[in-house]
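J.: Only the shape, not the letters, is given here:
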């Protein structure tokens, strides 16, 4: 008998199983938002179809670092989009990110 079908682990019907917030996606930002809200006392339900952070994407990284991969490929449009998204995220949720100074080497040759 599996754990899920065992009557011992079924939810108690007297308990309120409602959540204040549903976070869809257990990637970097979904987990950070769920953790932040739970820490503030919200009842959070996090849904992820696979393991947490199983499908971390390049888009997540672009939001955080501002498009360094695009810069390396000289994709200036991609750099601009990534920087705009990072700017939005920094203003919408400054408690989740902080600016990072980067040093870029330059070779005149």
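T.: Yep, it's here. Keep in mind the model is a prediction, meaning the values are calculated, not measured.
J.: Which residue, other than its chain neighbours, is closest to residue 52?
T.: Sequence neighbours aside, residue 26 is the residue nearest to residue 52 in space, at 4.1 Å (criterion: CB to CB, 6 or more residues apart in numbering). Glycine gets a C-beta too; all of them are placed from N, C-alpha and C.
J.: Was I right to think that neighbour contacts residue 45?
T.: No. Taking contacts as CB atoms under 8 Å, residue 26 lies outside contact range of residue 45: 11.3 Å.
J.: Those two: which is more packed in?
T.: More crowded of residue 26 and residue 45, by other CB atoms under 10 Å: residue 26, with 20 against 13.
J.: Can you tell me how far the more buried one is from residue 41?
T.: 21 Å (CB to CB, to the nearest Å).
J.: now swap in residue 96 and tell me
T.: Applying CB to CB to residue 96 and residue 41 gives a distance of 17 Å.
J.: Among the two, which residue is more densely surrounded?
T.: residue 96 (15 against 8).
J.: ok, now how distant is the nearest residue to that one once chain neighbours are set aside from residue 97?
T.: Counting by CB to CB, 6+ apart, residue 96 lies nearest to residue 32, which is 5.3 Å off, once chain neighbours are set aside. Taking CB to CB as the measure, residue 32 falls 9 Å from residue 97.
J.: ok, now residue 26?
T.: 18 Å.
J.: what do you get for residue 80?
T.: 18 Å.
J.: thinking again about what came up before, my guess is the residue nearest to residue 96 is in a strand, correct?
T.: No. Under DSSP: H, G, I helix; E, B strand; the rest coil, residue 32 falls outside any strand and is assigned helix.
J.: What is the neighbour count of it?
T.: Neighbour number of residue 32 under other CB under 10 Å is 15.
J.: isn't it right up against residue 95?
T.: No. Using CB under 8 Å, residue 32 is not in contact with residue 95, being 9.4 Å away.
J.: can you tell me the helix or strand for the spatially closest residue to residue 76 that is not a sequence neighbour?
T.: Excluding the flanking residues, the one nearest residue 76 by CB to CB, 6+ apart is residue 70, at 7.6 Å. Here residue 70 sits within helix 68-72, counting by DSSP states H and E.
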